[in-house]
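Undergrad: Following is a predicted model, sequence given first.
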Amino acid sequence: MPKISVIIPAYNVEKYIEKTLKGLKDQTFYDFEAIIINDGSTDNTEKIIKEVLQNANFQWKLINQENQGVSAARNRGIIDSKGEYICFLDADDYYHPSFLEKMYNKAKENNYDVVFCNYSYVDEREKNIRKVKQSKEYFGVELTGEETLRQILNGHVYICVANYICKKKLLNEHNILYTKGCTFGEDQEFWMKMFFHARLVNSVTETLVYYVKRKGSVVNSNSLKHFNSVGAMKRVEKYLERQKANSKILSLMKTKKMPQSYVSCLASISRGGNKEFILRAIKNKKIKEQSLVYKPVSLKGKIHLKVLLYFPRLF
């Protein structure tokens, strides 16, 4: 049984997946499996995967399926995985060569359910855009899963798709899977449930994951589907209520996370510059109400939000 399963959904990523897979081949830790789910690609994605991994020194499996979306692809990977721990990697992002080794070693120090690390946003040329700043008070220390979730909601801990590993047993015990059909916020919904149920969590205080910001990606697309992430957060809120989460977590979901979700969606749409989408969104009463509740930390953020809400035609 491999120690770690790396799950990679892939859809029409012929320009990027070679870098991602070579990052796996460069790992200093070899006891892992890579499960790549080719989600109905119509370009050369499948061919490149086979070419790059033909001489790989680790186990790997290519699963071809009809296009069902990223959530269904990740679920397929979870079901097929055999690792003690699971991690996810999008087909245009990549790991530092020591990611798997350092994350697994940290996990085994005290049988942690989840281990996370820091990550950086980079462009398609690998140039650093922004390094995420985790709060030192909660970074590199042992936490309960619920405390980690609380600090995520407080904005002190930052998680993305690829900067953690978690026990497969934890997912199985609580039947945690991605919501099929959701393409925005699906990762947050998944790992928020995961952290809620985790017993112990720790972190590696290094930047070991590189999140590529590229034009044309789903995250950067100009679509009202961004508001799927609001639906994802509503599902999390209801889930936590059913699980009888403590009042502090539920309060943070209602007063911080939900308004933040609405504003994040507006910001994503505004970056696309399509006035039609922006105006349609702003006219929605619920969107405007929730956006007004949100309190940006920076002055720049406050100005951007006010202009977006009251002068959307400027975007």
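TA: Arrived safely.

Undergrad: Pretty sure residue 170 sits against residue 197.
TA: Yes: using C-beta atoms under 8 Å, residue 170 makes contact with residue 197 at a distance of 6.2 Å. Using the backbone N, CA and C atoms, a C-beta is placed for each residue, glycine as well.

Undergrad: what does the helix or strand where residue 49 lies contact?
TA: Assigned by DSSP states H and E, residue 49 belongs to helix 45-53. The set of residues external to helix 45-53 that reach it, using C-beta atoms under 8 Å, 6 or more residues apart in numbering, is 10-14, 17-18, 21-22, 25, 34, 36, 38, 60, 62, 64, 91.

Undergrad: mind running it again at 7 Å?
TA: Applying C-beta atoms under 7 Å, 6 or more residues apart in numbering, the contact partners of helix 45-53 are 10, 12-14, 17-18, 21-22, 36, 38, 60, 62, 64.

Undergrad: Just flag the most distant two among those.
TA: Based on C-beta to C-beta, the longest span within the contacts of helix 45-53 runs between 22 and 64 and measures 21.3 Å.

Undergrad: Neighbour count, pLDDT and secondary structure added to the contacts of helix 45-53, as CSV?
TA: Converted to CSV, the contacts of helix 45-53 look like this (neighbours: other C-beta atoms under 10 Å; pLDDT from 0 to 100; DSSP: H, G, I helix; E, B strand; the rest coil):
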residue, neighbour count, pLDDT, secondary structure
10, 27, 98, strand
12, 18, 97, coil
13, 25, 96, coil
14, 17, 96, coil
17, 25, 97, helix
18, 15, 97, helix
21, 24, 98, helix
22, 13, 97, helix
36, 28, 98, strand
38, 22, 98, strand
60, 20, 98, strand
62, 15, 98, strand
64, 13, 98, strand
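
Undergrad: Tabulate the residues you listed in JSON lines, adding columns for distance to residue 104.
TA: What follows is the contacts of helix 45-53, written out as JSON lines (distance: C-beta to C-beta, whole Å):
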{"residue": "10", "distance to residue 104": "24"}
{"residue": "12", "distance to residue 104": "31"}
{"residue": "13", "distance to residue 104": "26"}
{"residue": "14", "distance to residue 104": "30"}
{"residue": "17", "distance to residue 104": "24"}
{"residue": "18", "distance to residue 104": "25"}
{"residue": "21", "distance to residue 104": "20"}
{"residue": "22", "distance to residue 104": "20"}
{"residue": "36", "distance to residue 104": "20"}
{"residue": "38", "distance to residue 104": "26"}
{"residue": "60", "distance to residue 104": "18"}
{"residue": "62", "distance to residue 104": "24"}
{"residue": "64", "distance to residue 104": "29"}
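
Undergrad: which one of those sits closest to residue 187?
TA: Nearest to residue 187 among the contacts of helix 45-53, counting by C-beta to C-beta, is residue 10 at 15.9 Å.

Undergrad: separation between the closest one and residue 213?
TA: Residue 10 sits 18 Å away from residue 213, going by C-beta to C-beta, to the nearest Å.

Undergrad: Residue 79 now?
TA: The gap separating residue 79 from residue 213 is 30 Å, by C-beta to C-beta.

Undergrad: Quickly find the element holding the closest residue to residue 37 other than its chain neighbours.
TA: Of all residues not flanking residue 37 in the chain, residue 73 sits nearest, at 4.1 Å (C-beta to C-beta, 6 or more residues apart in numbering). Applying DSSP H and E as the criterion places residue 73 in helix 70-80.

Undergrad: residue ranges for the helices of this protein, please.
TA: With DSSP state H as the criterion, the chain has helices at 17-25, 45-53, 70-80, 99-109, 145-153, 168-173, 186-197, 228-242, 247-252, 258-272, 275-282, 285-293, 299-310.

Undergrad: Pull up the per-residue confidence for the nearest residue to residue 146 once chain neighbours are set aside.
TA: Closest residue in space to residue 146, ignoring its immediate chain neighbours: residue 196 at 6.3 Å, by C-beta to C-beta, 6+ apart. Note on residue 196: pLDDT of 98.
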